[in-house]
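In: Fold the following, please.
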Amino acid sequence: MNIHNRRQFLRRAALGIAGAGWATSTPSLLAQVAGNRPPPAEGVTVLNPRARVPVGLIIDDSTCLVNLNRFAIPQFDTAFTGANRSFQRDWREWPDEIPDAFVRKFGEWCAARGVKGKYSIVPFPACVGRIDRMLPGWTQRELNDSLELVRTLMTPNWDIHPEMCTHTRVIDTKTGHPYSDHSLKFMENWEWTTGRSADEIADYMTYALRILKNVGLACEGITTPGGFGNRALPQLAQATLQSVRDVFGAEIPHYFRHLYDKGEQSVAPRVEYASGLDGPDPRCVVSVIGCTGDWTGGWDNTPPGGVDKFITEDLQHGRMVEVIERGEPAIMVAHWTGIYWNGQELGFKIFQEVVRRLEAKFDNLLWMKPSEVSRYWAAKELTRIEKVGEVIVLNAPFAAPHFTMRVVSQTGAAPKLTNNGSSILLKEVSKQIELKSGTWFREPKGVIACFGLPKGRSAFMLS
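Out: As a prediction, this is how the structure comes out:
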């Protein structure tokens with residue numbers, strides 16, 4: 001079986017669906033509990049931040065030094081008792097390490113262009129070693145230097161996620177060792193979550209999160225390895241909310257589990273389990289949705305899908321063009337193994353060209369981390385907005401930068417924002433593309449205003 005998309009394969013394996021699309025075959029699986037919602041306000045529409053389209057890159061299977069999938073494939077093969085030829089690869093020919101020199105090269109290139117996204121740090125990669133203790137095969141200094149590189153170079157622009165504990169075998173959190181059962185029932189990618197409670201899954205997530213906390217890496221979200229949570233989606237969402245808040249005190253936990261790489265299904269974030277919106281402890285968890293396949297080289301160094309699947313050379317077609325032109329967050333998905341591609345850097349070269357084409361095509365993109373997208377969508381969907389004449393009262397359970405509203409109004413007056421007794425008069429811009437926090441743009445039937453939304457009660461006035 002030729003595997004072009006690991007998540008697609010693992011989903012099919014878990015659900016027993018042959019030949020179906022990755023997520024479009026079972027959209028009901030994404031029907032999580034939304035929770036509380038305020039009523040809409042007539043004449044007010046919350047737009048994307050700065051009236052732009054968020055874009056980002058989700059990188060899976062990355063960690064410090066260890067070339068994860070070189071060590072994962074034989075464990076996958078054992079779990080399938082040799083019956084799946086997809087895992088009988090020439091993994092011994094792959095390097096043990098993805099060097100920090102490449103992390104630096106990639107991170108500096110992205111930083112120079114404002115690229116943002118998510119970068120996994122698998123805490124106990126393929127059972128090789130815990131990054132808060134030691135990695136056999138590397139010196140302690142090499143591990144420490146690798147962690148420092150992630151802290152200093154990557155974290156400003158990249159969310160750090162655990163991808164559970166090992167991305168392969170399940171760890172007994174009481175002993176810290178893998179279970180003796182090597183079957184699919186005790187592999188993170190397959191059946192372990194089936195039938196588990198939210199508390200059990202949260203305990204497992206907490207184990208992974210604490211390893212990252214031990215090495216000074218903060219997390220606001222998690223990434224699921226392969227099919228983790230496929231048959232426990234409500235429990236997965238609730239466990240994320242519970243564990244990320246408990247370990248890091250994150251206000252708005254988020255998780256990456258789903259992607260749609262084709263079709264009209266929305267890829268906007270899902271704000272789930274919202275509660276306590278009018279009280280001192282508002283809560284929600286956000287499911288961040290990817291919009292592309294793994295077309296930069298694959299987790300297993302399969303031939304890349306290539307640049308054109310993202311955006312064609314004439315800049316007219318491709319999945320990114322489709323999603324951006326309908327105004328939804330366009331979050332690409334890749335695997336670190338394929339980005340590096342055994343030192344050939346095939347995936348990195350593809351991604352560089354994708355970014356170049358996106359910059360040539362669009363002037364309204366806004367690179368954002370998943371945590372930033374999650375915060376904005378939580379504020380967008382959960383802020384209570386009430387319009388009384390030319391005054392708009394906002395009760396926000398969560399603050400959000402670049403909060404952007406279209407307001408129907410005939411006054412033509414400059415808007416101002418009032419909070420805690422102080423007022424800020426917004427500055428008019430001549431073009432919508434110039435919108436940023438503290439500015440507004442005049443339209444024939446009203447205004448678009450962009451400002452930092454404070455938590456709690458504030459008032460937006462057109463007078």
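In: And the chain, what are its domain boundaries?
Out: For the chain, the domain assignment from automatic domain parsing gives the residue ranges 6-375, 384-462.
In: Tabulate those domains (CSV), appending mean neighbour count and mean pLDDT.
Out: In this view, the C-beta of every residue, glycine as well, is placed from N, C-alpha and C. What follows is the domains of the chain, written out as CSV (neighbours: other Cβ atoms under 10 Å; pLDDT from 0 to 100):
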stretch, mean neighbour count, mean pLDDT
domain 6-375, 20, 93
domain 384-462, 17, 94
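In: residue boundaries of the helices in the stretch 101-250 of the chain?
Out: For the stretch 101-250 of the chain, applying DSSP state H, counting those that start in this stretch gives helices covering 140-149, 198-214, 233-248.
In: Quick check, central residue of this structure?
Out: Geometric centre of the chain, nearest residue: Pro370, 4.1 Å, by Cα atoms, centre = their mean.
In: Next up, the contacts around that one.
Out: Counting by Cβ atoms under 8 Å, 6 or more residues apart in numbering, Pro370 touches Gly56, Ile58, Gly117, Lys118, Asp159, Gly221, His254, Phe256, Val288, Ile331.
In: what's the answer for Gly297, then?
Out: For Gly297, the contact set (Cβ under 8 Å, 6+ apart) comprises Pro303, Pro304, Ala334, His335, Thr337, Gly338, Ile339, Trp341, Leu346, Gly347, Ile350.
In: cool, and His182?
Out: Gln75, Thr78, Ala79, Arg169.
In: go with 6 Å
Out: Thr78 (Cβ atoms under 6 Å, 6 or more residues apart in numbering).
In: Then Val150?
Out: No contacts exist for Val150 under Cβ under 6 Å, 6+ apart.
In: What separation is there between it and Phe441?
Out: Distance of Val150 to Phe441, given as Cβ to Cβ, to the nearest Å: 39 Å.
In: swap in Arg104?
Out: 40 Å.
In: how about the helices of the stretch 101-250 of the chain, which one is nearest Asp100?
Out: Among the helices of the stretch 101-250 of the chain, the nearest to Asp100 by Cβ to Cβ is helix 140-149 (5.3 Å).
In: Show me what that closest one is packed against.
Out: Judged by 3 or more Cβ pairs under 6 Å, 6 or more residues apart in numbering; DSSP states H and E, helix 140-149 is in contact with helix 100-112.
In: And the helix it packs on, how far out from the chain middle?
Out: Remark: helix 100-112 is offset 20 Å from the chain centroid, using Cα atoms, centre = their mean, to the nearest Å.
In: again with stretch 138-145
Out: Taking Cα atoms, centre = their mean, one finds stretch 138-145 lying 28 Å from the centre of the chain it belongs to.
In: which outside residues touch that stretch?
Out: Stretch 138-145 is contacted from outside by Leu65, Leu135, using Cβ under 6 Å, 6+ apart.
In: cutoff 8 Å now
Out: Cys64, Leu65, Glu97, Asp100, Ile131, Met134, Leu135.
In: got the CA positions of that stretch in PDB?
Out: The C-alpha atoms that make up stretch 138-145 are tabulated as PDB, following Å, rounded to 0.1, in the frame of the first residue of the first chain:
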ATOM      1  CA  TRP A 138      23.700  12.400  21.900                       C
ATOM      2  CA  THR A 139      25.600  14.200  24.600                       C
ATOM      3  CA  GLN A 140      23.800  16.100  27.300                       C
ATOM      4  CA  ARG A 141      25.300  19.300  25.900                       C
ATOM      5  CA  GLU A 142      23.900  18.500  22.400                       C
ATOM      6  CA  LEU A 143      20.400  18.000  23.900                       C
ATOM      7  CA  ASN A 144      20.600  21.200  26.000                       C
ATOM      8  CA  ASP A 145      21.800  23.200  23.000                       C
END
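In: Okay, and the beta partners of the closest residue to Pro38 other than its chain neighbours?
Out: Excluding the flanking residues, the one nearest Pro38 by Cβ to Cβ, 6 or more residues apart in numbering is Arg384, at 3.9 Å. Beta-bridge pairing for Arg384 (DSSP bridges): Asn395.
In: Return the residues in contact with Thr166.
Out: If you count contacts by Cβ under 8 Å, 6+ apart, Thr166 has them with Val122, Pro123, Phe124, Pro125, Ala126, Cys127, Pro178, Glu188.
In: rewinding a little: take the contacts of Pro370 and write them to TSV, including distance to Pro280.
Out: Shown next, in TSV, are those (distance: Cβ to Cβ, whole Å):
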residue	distance to Pro280
Gly56	31
Ile58	33
Gly117	33
Lys118	30
Asp159	26
Gly221	23
His254	22
Phe256	29
Val288	26
Ile331	32
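In: For the stretch 301-450 of the chain, just list every one of the helices.
Out: 307-310, 319-325, 336-340, 346-361, 370-382.
In: Point out the one among those helices that comes closest to Arg196.
Out: Comparison of those against Arg196 by Cβ to Cβ identifies helix 370-382 as nearest, at 24.2 Å.
In: For that closest one, list the C-alpha coordinates in PDB.
Out: Written as PDB, here are the backbone C-alpha positions of helix 370-382 (Å, rounded to 0.1, in the frame of the first residue of the first chain):
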ATOM      1  CA  PRO A 370      -2.600  28.300  15.900                       C
ATOM      2  CA  SER A 371      -2.800  29.800  19.400                       C
ATOM      3  CA  GLU A 372      -3.300  33.200  17.800                       C
ATOM      4  CA  VAL A 373      -6.000  31.900  15.400                       C
ATOM      5  CA  SER A 374      -7.600  30.100  18.300                       C
ATOM      6  CA  ARG A 375      -7.700  33.200  20.500                       C
ATOM      7  CA  TYR A 376      -9.200  35.300  17.700                       C
ATOM      8  CA  TRP A 377     -11.900  32.800  16.900                       C
ATOM      9  CA  ALA A 378     -12.800  32.400  20.500                       C
ATOM     10  CA  ALA A 379     -13.300  36.200  20.800                       C
ATOM     11  CA  LYS A 380     -15.000  36.300  17.400                       C
ATOM     12  CA  GLU A 381     -17.600  33.700  18.400                       C
ATOM     13  CA  LEU A 382     -18.000  34.200  22.100                       C
END
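In: Surely the residue nearest to Pro38 and Asn395 touch.
Out: Yes. Contact status for Arg384 versus Asn395: in contact at 4.1 Å, counting by Cβ atoms under 8 Å.
In: Now do the shared contacts for the two.
Out: Residues touching both Arg384 and Asn395 comprise Pro38, Asp278, with contact defined as Cβ under 8 Å, 6+ apart.
In: And Ile252, how close does it get to Gly456?
Out: Distance of Ile252 to Gly456, computed by Cβ to Cβ: 16 Å.
In: same check, this time on Lys262
Out: Taking Cβ to Cβ as the measure, Lys262 falls 41 Å from Gly456.
In: try Thr81
Out: From Thr81 to Gly456 the distance is 57 Å (Cβ to Cβ).
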